[in-house]
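# Just the structure for this:
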Amino acid sequence: MKKRRYDLYEFSKCPLCYYCVESFNHVFTCSKQKDIVIDIRQKSQRLLLKLMYDHANIKVESSYLSQLPNIWTLDYQPQDSLSFINIIKGFVSRLLTDKINAKVKHQEMTSLIISNFMNYIYTDICLRVWNVRCQAQVAIEKGLGINNRMKKQKNISRNKLPRLDLDRNLYSSSLTYGQLGVGYSIRSSGH
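All right, here's what the predicted structure looks like:
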C-alpha cells in the first residue's frame, strides 16, 4: 500500500492499535494481536508433538521442543537466529528439522510433519490475524473515502516513499546452511 500510494498512507498507523507504525513484525506483535499469535504458537507446538505421535508413533515431551533456542520467541532476533515470526514468514529452522528427525528417524516423515505444522500456522495466522487486520484496514479506508480505484491510481503528488540507502551486504541473509531448513533442502535437491 505505502509503496504504491505513499501519498494516501504516509501517516497511517496500525489499523488495530492506531498507535504504532505498521511493519511486518508489528502485524504479529501488535498489542491487539499478540495474545492470538501466542495462542497459535502454543497450539502449533502441541500440534507438532501430536503429528510426531500420529505419523511416527513417537511420544515426545513438550520440553523437547522448548529446548530449541529462540524459535518460539516473538521478539526481534539478530539476523543469524530464527524466531517464531520467521516461522510465520515460512522459514523452517534446520535445528527444528534436525530435532524432529532425531526422534522420527525418517526424512520424508519429518518433511510431512513439518509441512503439516507450517500449513497449520499459515492457515491459522491468515484466519485469525491477517484477515482481521485487513478487515480493519478496509474499514479505515472506507471511512476516509479511499476506494479501490484510488488505490490503483498512480501517485502523482510529491509525497513519495523515502528511499533508504542500505548497505546491501549488511542486510543480506546471513543464515548459515544449518539454519535454512526444509525449504533450502527441497530447493537444493532439485525436486
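
# okay, now the nearest residue to K89 once chain neighbours are set aside: neighbour count?
In this structure, K89 finds its nearest non-sequential neighbour in F24, 7.8 Å apart by C-beta to C-beta, 6 or more residues apart in numbering. Glycine gets a C-beta too; all of them are placed from N, C-alpha and C. By other C-beta atoms under 10 Å, the residues close to F24 number 10.

# For F24, give me the pLDDT.
Listed pLDDT for F24 reads 84.

# tally of neighbours for K89?
For K89, using other C-beta under 10 Å, the count is 14.

# Please report how far it lies from I125.
10 Å (C-beta to C-beta, to the nearest Å).

# what do you get for S62?
Distance from S62 to I125, by C-beta to C-beta: 21 Å.

# try L112
21 Å.

# which one of those two has more residues nearby?
I125 (21 against 15).

# Hmm, I40 and that one touching each other?
Yes: with contact defined as C-beta atoms under 8 Å, I125 counts as touching I40 (6.3 Å).

# elements contacting the biggest helix by length in the chain?
Ranked by number of residues, the top helix in the chain under DSSP state H is helix 34-56. Applying 3 or more C-beta pairs under 8 Å, 6 or more residues apart in numbering; DSSP states H and E, we find helix 34-56 packed against helix 24-29, helix 62-66, helix 84-89, helix 94-104, helix 107-125.

# would you put the C-alpha positions of that helix in PDB?
The C-alpha coordinates for helix 34-56 follow below in PDB (Å, rounded to 0.1, in the frame of the first residue of the first chain):
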ATOM      1  CA  LYS A  34      -0.100 -10.700  20.300                       C
ATOM      2  CA  ASP A  35      -2.300 -12.900  22.500                       C
ATOM      3  CA  ILE A  36      -3.700 -14.600  19.400                       C
ATOM      4  CA  VAL A  37      -0.300 -15.200  18.000                       C
ATOM      5  CA  ILE A  38       0.900 -16.600  21.300                       C
ATOM      6  CA  ASP A  39      -2.200 -18.900  21.200                       C
ATOM      7  CA  ILE A  40      -1.300 -20.000  17.700                       C
ATOM      8  CA  ARG A  41       2.300 -20.600  18.700                       C
ATOM      9  CA  GLN A  42       1.200 -22.800  21.700                       C
ATOM     10  CA  LYS A  43      -1.200 -24.800  19.600                       C
ATOM     11  CA  SER A  44       1.300 -25.300  16.900                       C
ATOM     12  CA  GLN A  45       3.800 -26.700  19.400                       C
ATOM     13  CA  ARG A  46       1.200 -29.100  20.700                       C
ATOM     14  CA  LEU A  47       0.300 -30.000  17.100                       C
ATOM     15  CA  LEU A  48       3.900 -30.800  16.300                       C
ATOM     16  CA  LEU A  49       4.000 -33.200  19.200                       C
ATOM     17  CA  LYS A  50       0.800 -34.800  18.100                       C
ATOM     18  CA  LEU A  51       2.000 -35.100  14.500                       C
ATOM     19  CA  MET A  52       5.100 -36.800  15.700                       C
ATOM     20  CA  TYR A  53       3.000 -39.300  17.600                       C
ATOM     21  CA  ASP A  54       0.300 -39.800  14.800                       C
ATOM     22  CA  HIS A  55       2.800 -40.200  11.900                       C
ATOM     23  CA  ALA A  56       5.700 -41.900  13.600                       C
END
